[in-house]
Every structure is written in C-alpha cells, then in structure tokens.
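S.K.: sequence? don't have it. structure:
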C-alpha cells in the first residue's frame, strides 16, 4: 500500500498544454450545428441591435449550447470551452461568461419568441436531414415541470402545486426520439393549463411546417384536460389521449361499467390490473383499474384504484391503455433537461434571461438527439431511440480527452487508444460530415 501511495504521490500536475481538448466529442455536435447553419440562423432571426450585449448573438447562443451539451449547468461553466485547444473543435469563437450573462439579460419577450422561431427552424432542417417522422405517425407528449430555484431574487419564480420555489415551464416532446418540439417558460405559480391551448396550436403548426405529414397524436396527463383543448385538437385534425381527473362525473361513468366488461392485462408482480371502456359525455373513456395482490399490502389497500383517460383512437381498450401508459417517456426527457445541464440550475434573476436559457437548453437537447438519430453509412440497424439518454451520450461521445496536433498539414485529434465507443464516434463523425451544407 505504501509503495502504491508513494507512486501516486510522485505524479506532478501542471496545467500548461495548449493543445489539449477536454471534451473532444463536442466536434460531433459542432459539425451538426454547422450543417444546420445554426450560428447564421440565430444572427438572422434574433434581432438584439441596440441592446447592451446584443451584437452577434449566434456565437453567444452556440457557446451556451455547447456548454450545456458538455454538462455545464452554470454560465461560468462556459470557461471550460476556453481551455486548451477546445475552441478549435467548435468552429466558432467562444464567448466569456461575463459576456454571456449580459447577453441573456438583454432579452425581451419578443426576442424570446425570435429564439423560439430558431428552434422551430432547426427542427425543420434536422428533419429534412433524415430524422423527421415524414408520413409516419408522430406521437407528442405534453407535460409541465418545476425548475426549482434557490433564493428570492428570481423574477417570476413562485410556489406552485409542489410547494417548491421555481418556474413552471411547459414542454412538448417527440415520443420516439426525445426531441423537445416546443417549450415555454412560465411563472412558478402558473396553473398547469395556463397557455396550453395556444401552446398546442403553435406546436402542431410547427410540426406540420417541419414536415410531419402523417397522423399526429397528442398525449397528456389530467392537468391538460379541458374541453376547449379537445376542441382545438379536433379542429387541427390531431388525435389525443388525455388523462381525466377523478371528479364526481368521471367516477359515476366508471361505476356504469359492467363487471364482465373488464379485461385482464399484464401488470408488474404484486399487482393485478384490468381494462374496460365506457362513455363520458361525448368522449370515449378508457379505464384501467389496479389493486395489490400481495397478502400483506392487499389487506391495507384492498380496493381497486382507477385511472381513466379519454381518447379518439380506434384501437382496442387494451391497446389504447398500453399506448397511453407510454406517456411516461416524457419524464425521461425532462430528466435529461435537468440532470447535470439546462434546467438543473436557472441562472439569472431576470425572467426573460431564464426563458432564453430554456431555449438554449432545448437547442442543446435536440442537437444531442439529432446527432445520435441521423442515419449514417453502415448503420444497417438504425434505431433513432438507441442513444437518447443525455448522460450516456456525454460519457461515451462527449467527455473524451484529446490532443490537437498537426499531422502532415492536417489538424488531427489524437484520442485515447482502446476507447470503447470509438467506432460509434467515427461512424457519427463521418456521417455528419457527409450531410449537405445548410441552406443560405
């Protein structure tokens, strides 16, 4: 033990190599951002002329996005992009954290809408590169979350239904790839339904413009149930599957279901579950009831517990219930926005600055997923959902140390030998470089 300890103690540490790259995998996402024309798109759409810190917004947005992709959760974390030769693999000038803070505080509500339009156009361009649903069914999950904050100098933060101080953003994600298709920052005390109908209208218009020509289905929990929202979805020719609150009228409808109508379904060990359907007003109401079968727990909770949702899907009640349960995947995408990046920390005391931060988190989130989902040569078993956990992607493809060298006039990244995911990295890099350039 002493011999090992002395060996470790003999290792010196100096921060003096100008050619080291801390997160060499950022070259993948920088390549995709280049093919999408993201920097120029931001410069064209986000007009901050005349506002302090508003010049050349493209490089500032890209700095924030690259920071979030690398796992940064604070503005100061942008400094890791300024270390060694990291900037050389990004393709844009990295901005200082102090500049980024001033930049975010320059946003108004109108500028947030301009940045939101950048997200929409980025999705359209990415889908045109091969990751869109095309004529296939597009399933969209809508949910809200609490972006918790600490301290009281946070404009718009408040206590919502969770009794946590924070903001209450609204999110819509694509079920198969995890992309965030639309996001809206809201005050912390906002009701779940606040702005939901307008949000849905913008969401569906965005998906159609991006190239979704097939059937669109929206899933949501009971917080989004409203007759006006259902009417809006019908007008937009969008199918739905929305959880119903357990109010008196819904319970009365469930009580009309005959015992013989219940169908057993597969459920985790320790429980039993059945599905049936009935009518609630003019809606198809599908009901799943569950109860515990473990003899000790069943003695404490012997009654059936009901979960009901309305849908206009024409599949069987069992299939409709299975489809609706998959709405839970939205929580995985919300986790990725919060876990070690993006919404883990909302940095500013200004509401609009935090709304811009949310947009940057969405852009980073979508670049990660689009990079992993774009079909590449030799990808015979392409699965757009195979690499959708951001932490896994950061571990395998982003957090790679490298040294930037000049090899016979060719800039070359020297990466670690025996890196377990080297083949995936090379396949993605070659595939991204084969994509057509961004439209002008």
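M.R.: Looks like it arrived, so ask away. Just so you know, these numbers come straight off a predicted model, no measurement behind them. Numbering: from 1, shown residues only.

S.K.: from here on, contacts and neighbour counts on C-alpha atoms
M.R.: Fine.

S.K.: for the longest helix anywhere in the chain, give the mean pLDDT please.
M.R.: Criterion DSSP state H: the longest helix present in the chain is helix 351-373. The average pLDDT for helix 351-373 rounds to 93.

S.K.: now stretch 315-335
M.R.: Here the average pLDDT along stretch 315-335 is 93.

S.K.: which parts of it are buried?
M.R.: Going by neighbour count (16 or more other CA atoms under 10 Å), the buried part of stretch 315-335 is 317-318, 320-321, 324, 327, 330, 333-335.

S.K.: after the longest helix of the chain, next one along is what?
M.R.: helix 390-393 (DSSP states H and E).

S.K.: for that following helix, buried residues please.
M.R.: 390-391, 393.

S.K.: contacts for it, please.
M.R.: With CA atoms under 8 Å, 6 or more residues apart in numbering as the test, helix 390-393 has contacts from 336, 339, 365, 368, 387.

S.K.: give me the buried entries from these.
M.R.: 336, 339, 365, 368, 387.

S.K.: and those, which is closest to residue 410?
M.R.: Nearest to residue 410 out of the buried ones among the contacts of helix 390-393 is residue 368 (CA to CA; 27.1 Å).

S.K.: run through the residues that contact that closest one.
M.R.: By CA under 8 Å, 6+ apart, the neighbours of residue 368 are 29, 69, 388, 390, 393.

S.K.: can you pick out the most distant pair from the residues you listed?
M.R.: Taking CA to CA, no two of the contacts of residue 368 sit farther apart than 29 and 388, at 14.3 Å.

S.K.: what about these two, which has more around it?
M.R.: residue 29 (26 against 23; other CA atoms under 10 Å).

S.K.: pretty sure residue 71 is touching residue 394, no?
M.R.: Yes. Counting by CA atoms under 8 Å, residue 71 touches residue 394, with 7.4 Å between them.

S.K.: closest one to residue 430 out of the buried residues of stretch 315-335, please.
M.R.: For these, the nearest to residue 430 is residue 333 (27.1 Å; CA to CA).

S.K.: report the contact partners of the closest one.
M.R.: 173, 178-180.

S.K.: any idea which element it lies in?
M.R.: Using DSSP H and E, residue 333 maps to helix 329-338.

S.K.: next: residue 284.
M.R.: strand 283-292.

S.K.: and that strand, how far out from the chain middle?
M.R.: Here strand 283-292 is found 29 Å from its chain centre; the criterion is CA atoms, centre = their mean, to the nearest Å.

S.K.: pull out the buried residues from it.
M.R.: Per 16+ other CA under 10 Å, strand 283-292 contains these buried residues: 284-292.

S.K.: got a list of contacts for it?
M.R.: Under CA under 8 Å, 6+ apart, the answer for strand 283-292 is 254, 270-279, 298, 301-312, 317, 320-321.

S.K.: ok, now stretch 192-200?
M.R.: Outside stretch 192-200, the residues touching it (CA under 8 Å, 6+ apart) are 144, 184, 223-224, 228-229, 232-233.

S.K.: now with 10 Å?
M.R.: 142-145, 160-161, 168-172, 182-184, 186-187, 202-203, 206, 218, 222-226, 228-233, 236 (CA atoms under 10 Å, 6 or more residues apart in numbering).

S.K.: how close does residue 61 get to residue 339?
M.R.: 20 Å (CA to CA, to the nearest Å).

S.K.: circling back to that earlier point, quick one: the longest helix of the chain to chain centroid distance?
M.R.: On CA atoms, centre = their mean, the centre of helix 351-373 falls 7 Å from that of its chain.

S.K.: same question for stretch 166-178.
M.R.: With CA atoms, centre = their mean, you get 6 Å for stretch 166-178.

S.K.: now do the same end-to-end measure for it.
M.R.: End-to-end distance of stretch 166-178 (CA to CA): 24 Å.

S.K.: now the helices for the stretch 201-350 of the chain?
M.R.: Using DSSP state H, counting those that start in this stretch, the helices of the stretch 201-350 of the chain run over 227-235, 248-255, 295-300, 317-325, 329-338.

S.K.: okay, now the unreliable bits of the stretch 201-350 of the chain?
M.R.: 269-270, 294-302 (pLDDT under 70).

S.K.: about what we covered before: JSON lines for the buried residues of helix 390-393, including distance to residue 19 and pLDDT?
M.R.: Output for those, formatted as JSON lines (distance: CA to CA, whole Å; pLDDT from 0 to 100):
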{"residue": "390", "distance to residue 19": "27", "pLDDT": "84"}
{"residue": "391", "distance to residue 19": "26", "pLDDT": "85"}
{"residue": "393", "distance to residue 19": "24", "pLDDT": "89"}
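
S.K.: okay, these in JSON lines with distance to residue 23 next?
M.R.: JSON lines is the format used below for the buried residues of helix 390-393 (distance: CA to CA, whole Å):
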{"residue": "390", "distance to residue 23": "15"}
{"residue": "391", "distance to residue 23": "14"}
{"residue": "393", "distance to residue 23": "12"}
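
S.K.: buried set for stretch 161-181?
M.R.: In stretch 161-181, counting by 16+ other CA under 10 Å, buried: 164-181.

S.K.: columns distance to residue 357 on top of the buried residues of strand 283-292, output as TSV?
M.R.: Shown next, in TSV, are the buried residues of strand 283-292 (distance: CA to CA, whole Å):
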residue	distance to residue 357
284	40
285	39
286	39
287	40
288	39
289	41
290	41
291	43
292	44
